[in-house]
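1. what would the 3D arrangement of this be:
(one chain, ligands or ions: 1)
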Amino acid sequence: MSESNSTAVQRVAHSDERVVTMPETTDTYIRQQLETRRTRLNTAIASAPASQMARFEELLSEVDSALQRMDAGTYGICDVCNDTIERDRLIEDPLVRVCLDHLNAEQRRALEGDLELAAGVQRSLLPPTHVQSLGWQIEYEYKPAGLVSGDYCDVILPADSDDGLVFLIGDVSGKGVAASLLMSYLRATFRSLAGARMDVHKLLEAANRLFGESTMAGQFATLVCGRAGRDGSIQIANAGHCPALAVSQHGVKRIDATGLPLGMFTSGHYSMERVDLEPGDSLLLFTDGISEARDGRGNEYGIEGISKWTQGKRAQESARFVTDCLNEVQLFSSGVPQADDQTLMLIRRAESRRSAQIA
Ligand SMILES: [Zn+2]
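-> Next up, the predicted model:
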């Protein structure tokens, strides 16, 4: 298997320290999962054919042992190194007993296979890289740090031109397969909600409630959701994500987060901002893999860095804007491996022929 796969597994292992977790919520969730499995196994054992019996009993003893470790406070500790096991892996499989660093060769191959599969699914869920609709041009670049990304981005074309074009960019908690599953969950949620003609802050509130009611306890996502209308107006709501930058001839304006990440509190309220863009103006969105990119001395590129780079780039052609901005970040952190997933999206109001003539 290729070296890059092993590197991806390593990245999954080492990126966990940056994952913000909510231990109490996930402990309750994992305990419920284990108890449900115990009940199901007991039912299955009562009527199992002899050929299955040994395997079911073995699983039951693994479940019992996990519950005992939970009572004793030793659950989630690696059998080999006594370090904590990655929480998103415990959510995926509550019977896991070793950390990523201590998988055996067979387990490691299985994980690499899963990551490749997840990466393929994830690539197929991305929107086209160039979108033109309702007088808007959207360009983005999606650059995972490993095989799969915890970044989320989507563009939802309107069924009716009055609906507006919905765009989303976000970052989900956790890494690896769990993060890619959460990303596809968000994509499906927003795709089904987007047709309902809700204002974007109401969209976030509905998505947040659904998220809270789903089984993805303890995980959350920051994101920006916007809707661009034919008249140049953009509705925007931000759930704890990096600010959006509006680039116009008056300069660069920051549109900051107005709410908490999705999945933290199901009763969360969001507010909406409106910006009006002239032909040639743009809205720039990005994930923290870009704003938090570091140079060799540990300095952060920062939102200020992006904002500064963006000054005077208004006239830059969209695809070039996105590529140049990413190249600039790469140059800033040259020699330092990419630590986090990076996504950059530019939504530009196209120059109409008429306004070009007026100018
Ligand atoms: Zn270990």
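
2. contacts only, for His241.
-> Contact criterion C-beta atoms under 8 Å, 6 or more residues apart in numbering gives Ile169, Gly170, Asp171, Thr222, Leu223, Val224, Ala257, Pro261, Thr287 as the residues in contact with His241. All C-beta spots, glycine's among them, are computed from the backbone N, C-alpha and C.

3. give me the neighbour count for the last one.
-> Spelled out, it's Thr287. A count of nearby residues for Thr287, using other C-beta atoms under 10 Å, gives 28.

4. and the gap between it and Tyr152?
-> Applying C-beta to C-beta, to the nearest Å, one obtains 9 Å for the distance of Thr287 from Tyr152.

5. list residues touching both of those two?
-> The overlap between the contact sets of Thr287 and Tyr152 (C-beta under 8 Å, 6+ apart) consists of Ile169, Gly170, Asp171.

6. for the last one, name its beta-bridge partners.
-> As for beta bridges, Asp171 partners with Asp151, Thr222 under DSSP bridges.

7. tell me the pLDDT of it.
-> pLDDT, Asp171: 93.

8. residues contacting it?
-> For Asp171, the contacting residues are Gly150, Asp151, Tyr152, Ala221, Thr222, Leu223, His241, Thr287, Asp288, Gly289, Asp341, by C-beta under 8 Å, 6+ apart.

9. can you rerun that using 10 Å?
-> Contacts of Asp171 were listed using C-beta atoms under 10 Å, 6 or more residues apart in numbering, and they are 149-153, 179, 183, 220-223, 240-242, 261, 286-289, 340-341, 343.

10. C-terminal to the helix ranked longest in the chain, what's the next element?
-> With DSSP state H setting the assignment, residue counts place helix 23-47 as the longest helix in the chain. Scanning forward in sequence from helix 23-47, with DSSP states H and E defining helices and strands, the next element found is helix 50-72.

11. now that following helix, how far from the chain's geometric center?
-> 34 Å (C-alpha atoms, centre = their mean, to the nearest Å).

12. next one: stretch 90-107
-> Relative to the chain's own centre, stretch 90-107 is displaced by 23 Å; criterion: C-alpha atoms, centre = their mean.

13. just the helices in the stretch 201-350 of the chain please.
-> Read by DSSP state H, counting those that start in this stretch, the stretch 201-350 of the chain holds these helices, from start to end of the chain: 288-291, 302-310, 318-332.

14. which one of those helices lies closest to the ion?
-> With C-beta to the ion, the closest approach to the ion among the helices of the stretch 201-350 of the chain belongs to helix 288-291: 26.5 Å.

15. what pLDDT does the residue in the stretch 101-250 of the chain that the ion sits nearest to get?
-> Taking C-beta to the ion as the measure, the stretch 101-250 of the chain has His102 as its residue closest to the ion, at 3.7 Å. On pLDDT, His102 comes in at 95.

16. that one and Val96, how far apart?
-> Distance, His102 to Val96, using C-beta to C-beta: 11 Å.

17. what touches both of the two?
-> Cys78, Asp79, Ile85.

18. which residue ranges make up the domains of this protein?
-> Domain segmentation of the chain under automatic domain parsing yields 3-120, 126-358.

19. tell me the most buried of these?
-> Between those, domain 126-358 has the highest mean count of neighbours, a mean of 19, where neighbours are mean count of other C-beta atoms under 10 Å.

20. which SS class is Ala159?
-> coil (DSSP: H, G, I helix; E, B strand; the rest coil).

21. surely it and Ala194 touch.
-> Yes. The pair Ala159 and Ala194 qualifies as a contact (C-beta atoms under 10 Å) at a distance of 9.0 Å.

22. so Gly146 touches Gln338, yeah?
-> Yes. Under the contact definition of C-beta under 10 Å, Gly146 touches Gln338, with a separation of 9.2 Å.

23. who's sitting farthest from the centroid in the chain?
-> Seen from the C-alpha centroid of the chain, the residue lying at the greatest distance (C-alpha atoms, centre = their mean) is Ala50, 44.7 Å away.

24. and that residue, how far is that from Asp64?
-> If you go by C-beta to C-beta, the gap between Ala50 and Asp64 works out to 22 Å.

25. repeat that for Val98.
-> Between Val98 and Asp64 the distance is 19 Å, computed by C-beta to C-beta.

26. what does Met345 give?
-> From Met345 over to Asp64 the distance is 48 Å, taken as C-beta to C-beta.

27. now do Thr323
-> Spatial separation of Thr323 from Asp64 under the definition C-beta to C-beta is 55 Å.

28. do the same with Ile85
-> With distances taken as C-beta to C-beta, Ile85 is found 18 Å from Asp64.

29. cool, Asp340 as well?
-> From Asp340 over to Asp64 the distance is 39 Å, taken as C-beta to C-beta.

30. what's the answer for Arg97, then?
-> Distance, Arg97 to Asp64, by C-beta to C-beta: 14 Å.

31. again with Asp79
-> Distance of Asp79 to Asp64, given as C-beta to C-beta: 16 Å.
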